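# Take a look and give me a structure for this.
(one chain, ligands or ions: 1)
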Amino acid sequence: MTKANGNGAAHNGHRSMQEHAEGPAAMLAIGTANPTGVVIPQDQFAENVFRATKSDHLTELKEKMKRICQKTGIDKRHFHLTEETLAAHPEFLDRELPSLDNRIDMADTAVPKLAQCAAVKAIAEWGRPATDITHLVFSTYSAWQAPSFDHQLAALLGLRPTVSRTILSLHGCYGGGRALSLAKQLAENNRGARVLVACSEITLVCFGGPDGSNLIGSALFGDGAGAVIVGAGPFAEGERPLFEMVSATQTTIPRTEHVLGMQVSGGGVDFHLGIQVPMLIGKNVEQCLVDAFGGDDAPCSWNDIFWAVHPGGRQILDNIDTELKLEPAKLAASRHVLFEYGNMSGATIIFVLDELRRRRKEDGDNVLPEWGAMLAFGPGITIEAMVLRCPRASSLNNN
Ligand SMILES: CC(C)(COP(=O)(O)OP(=O)(O)OC[C@H]1O[C@@H](n2cnc3c(N)ncnc32)[C@H](O)[C@@H]1OP(=O)(O)O)[C@@H](O)C(=O)NCCC(=O)NCCSC(=O)CC(=O)O
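Numbers count the residues shown, from 1 in each chain. Presented below is the predicted three-dimensional model:
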């Protein structure tokens, strides 16, 4: 029954997949991608978007957008949507006009293609053939059809027909954290499993002409995709754990379901970002971390660990810094990703992980403490927390 491939891993559906893996799951490779066409500097965003949407007459709103943009901690963002496309689709500017069908049609090609770009990089780094992937978990806020982007990505990458696919829809900014948490469980409970996590977020489904309600989202969100290969031991030759995924929790902050959310309508997707979001996340994050570490095992100081935090907004990072009394450098990877790309919703956390491992590669093993925490937030308000461990080169050599 059990048929091993060239690297010793069993294929999905075979008997060995029903056995547990050895040790915790780990991230084995990471890839990221952004649309290459449109890059808008944040200090030109208000001018750009008000011109493109023929809204220059809304002078007060434009000044407010400029004030917000200055405070975001963002330098530039990448977008799939071009001014030419906007000119051809005036319905994208007016929420009262039906535009969902056209948005879905465009997302149908763009979202899986961007995911493919990120996944190809992750698979190349992993070093094994795409056909060794046994599970796929795809997360996006743009999926409303079936079969969906998980199916398309599997075809684009040439995955096996037996690959076990899951799509997570509208989890928003915690989608990346949720997908990684599911991947951990899949990898640990199916010996030999190799899970591809893909998050692809493109703002064309939520883009709209500026109005009083969408300025914050419009000033924060950008386009990007991230992919991670997750697997647990035994590892094949050449596989190297980047981050061990030690334990994970999901917490919903009670009575906050109306504070942060997304609503799909005929005019596209609306984000609701309540002004209390940074405060609520700041006040609740420490208990989530203590729970993720299992209570007594929580570190004495939060400065003793490394951090991969979803940079939902500058104020969110500031509040986490304050509440946890973090040294300024602790959220540097999150702030760097926010600065370079903005908030790419569920994909952002993968960029932060990629940035952390890039810093580790450049500056050596000791730039990161051994233990760390990953945090992602989204509608609910939901907080995904994961305890990470950075294996040392010396311990890897002993494997
Ligand atoms: C937007 C900010 C950069 C603005 O910075 P500051 O708060 O320091 O600046 P500020 O107080 O002067 O605010 C600038 C102007 O924005 C307004 N303002 C701020 N937050 C607002 C909000 N949520 N809704 C409506 N207006 C808001 C202020 O009233 C002010 O208006 P005026 O100038 O007229 O007085 C910050 O507040 C921030 O990072 N907020 C977090 C945004 C957020 O919710 N992110 C989560 C994204 S969702 C996510 O990541 C998960 C998911 O989607 O699933």
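# Next to the ligand, which bits of the stretch 251-399 of the chain? Give me the list.
Within reach of the ligand by C-beta under 6 Å from any ligand atom, the stretch 251-399 of the chain has these residues: 273-275, 277-278, 312-316, 343, 345, 377-379. Glycine gets a C-beta too; all of them are placed from N, C-alpha and C.
# Name only those of those residues that count as buried.
Using 16 or more other C-beta atoms under 10 Å as the burial test, those include 273, 277-278, 312-316, 343, 345, 377-379 as buried.
# so of these, which ones are in helices?
Here DSSP state H is the test, and those give 277, 278, 314, 315, 316 as lying in helices.
# Next SSE downstream of the lengthiest helix in the chain?
Looking across the chain with DSSP H, the single longest helix is helix 100-126. Going down the chain from helix 100-126, the next helix or strand is strand 135-140, by DSSP states H and E.
# And the helix or strand just after that next one, what does it pack against?
Using DSSP H and E, the helix or strand that directly follows strand 135-140 along the chain is helix 149-157. On a contact count with 3 or more C-beta pairs under 8 Å, 6 or more residues apart in numbering; DSSP states H and E, helix 149-157 meets helix 100-126, strand 135-140, strand 164-169, strand 194-201.
# Point out the most buried one among those.
strand 194-201 (a mean of 31; mean count of other C-beta atoms under 10 Å).
# For residue 1, give me the pLDDT.
The model reports residue 1 with a pLDDT of 34.
# ok so, going back, so can I have a markdown table of the buried ones among the residues of the stretch 251-399 of the chain next to the ligand showing pLDDT?
Below are these laid out as a markdown table (pLDDT from 0 to 100):
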| residue | pLDDT |
| --- | --- |
| 273 | 94 |
| 277 | 97 |
| 278 | 97 |
| 312 | 96 |
| 313 | 97 |
| 314 | 98 |
| 315 | 98 |
| 316 | 98 |
| 343 | 98 |
| 345 | 97 |
| 377 | 96 |
| 378 | 96 |
| 379 | 96 |
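# neighbouring contacts of stretch 282-302?
Residues outside stretch 282-302 that contact it (C-beta atoms under 8 Å, 6 or more residues apart in numbering) are 247-249, 251, 253, 305, 316, 319-320, 322-326, 330, 371, 373, 375, 381, 383, 385-387.
# Please repeat the previous calculation with a cut-off of 7 Å.
The contact list for stretch 282-302 (C-beta atoms under 7 Å, 6 or more residues apart in numbering) reads 247-249, 251, 253, 305, 319-320, 322-326, 371, 373, 375, 383, 385-387.
# out of everything not next to it in sequence, what's closest to residue 370?
What sits nearest to residue 370 in space, not counting adjacent residues and going by C-beta to C-beta, 6 or more residues apart in numbering, is residue 390, at 5.7 Å.
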